[in-house]
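Enquirer: next come a sequence and a model predicted from it.
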Amino acid sequence: MADFKLHDIESAPEGAKPLLEKSQKGFGMIPSLHAVMAESPQVLDAYQKLHQLVLDSSFDNEEKTVVWQTINVENACHYCVPAHTGIAKMMEVSDDIIEPLRNETPLPNEKLEALRDFTLAVMRKQGNVSEEDLDAFFKAGYGHRQVLDVILTLSQKTMSNYINHIAQTPVDEPFKKFAWSKNQ
């Protein structure tokens, strides 16, 4: 597999240095994903901007976790599932939501399950969702903005999941205790 460098602030290309400083300040460390992305300052910049946009989306912390982890699990991302498990815990999302997402078992309420179902429909059908998919999502209490926010989050997670697959990004120390592999 490709041998991607884990950049630090000193080794990063000039345009990535302030972005890694931002990561260090925001996370108290430079996440391995950001260290890999730093090879292309534009990729790291885009990812950080997308991450902030997702944080500012219409979803609450539970809903963000559902969309993030649904995508991470569907894409079998060895890095993002443990990282977002730790992030969910920091966001005070209940284990009653975290564990079913990791294990692909039913969520504790129908609205969150509808969000997971719709996210999977968007992914699996590459955006070509049916009227039934949309009707079920709307019936659960979501609207057009949330359709777009699922796609926004999918954009962010596609970047990270694919980069982690290709670079075989090592899981950060704080998240190793949440190691995960996809159920077969």
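Expert: Okay, I see it. Numbers count the residues shown, from 1 in each chain.
Enquirer: quick one: contacts of the helix ranked longest in the chain?
Expert: As assigned by DSSP state H, the longest helix anywhere in the chain is helix 144-167. Helix 144-167 is contacted from outside by 1-2, 4, 33, 36-37, 43, 46-47, 50-51, 53-54, 57-59, 64, 67-68, 71-72, 75, 77-80, 115, 118-119, 122-123, 127, 134, 137, 169, using CB atoms under 8 Å, 6 or more residues apart in numbering. Every residue, glycine included, has its C-beta placed from N, CA and C.
Enquirer: how far does that helix sit from its chain's centre?
Expert: Its chain's C-alpha centre and that of helix 144-167 lie 7 Å apart, by CA atoms, centre = their mean, to the nearest Å.
Enquirer: going forward, count from 683.
Expert: Sure, I'll start numbering at 683, so the last one becomes helix 826-849.
Enquirer: rounded mean pLDDT for it, please.
Expert: In this model, helix 826-849 has a mean pLDDT of 98.
Enquirer: stretch 778-796 too?
Expert: Rounded mean pLDDT across stretch 778-796 is 97.
Enquirer: out of the contacts of helix 826-849, list just those in helices.
Expert: 715, 718-719, 725, 728-729, 732-733, 735-736, 746, 749-750, 753-754, 762, 797, 800-801, 804-805, 816, 819.
Enquirer: next, count neighbours for the residue nearest to Val775 when sequence neighbours are not counted.
Expert: Distance criterion CB to CB, 6 or more residues apart in numbering; nearest residue to Val775, sequence neighbours excluded, is Thr747 at 4.8 Å. The tally of other residues near Thr747 (other CB atoms under 10 Å) stands at 23.
Enquirer: before we move on, what about Thr851?
Expert: Neighbour number of Thr851 under other CB under 10 Å is 24.
Enquirer: ditto for the one 10 residues further on
Expert: By other CB under 10 Å, 11 other residues sit near Ala861.
Enquirer: mind listing what it touches?
Expert: Contacts of Ala861 by CB under 8 Å, 6+ apart are Pro764, Val853.
Enquirer: roughly how far does it sit from Ala849?
Expert: Ala861 is 18 Å from Ala849, where distance means CB to CB, to the nearest Å.
Enquirer: tell me the pLDDT of the residue nearest to Val775.
Expert: 98.
Enquirer: what residues does stretch 707-726 touch?
Expert: 686-691, 694-698, 701-702, 705-706, 729-730, 761-762, 765, 841-842, 845-846, 849, 851-854, 856.
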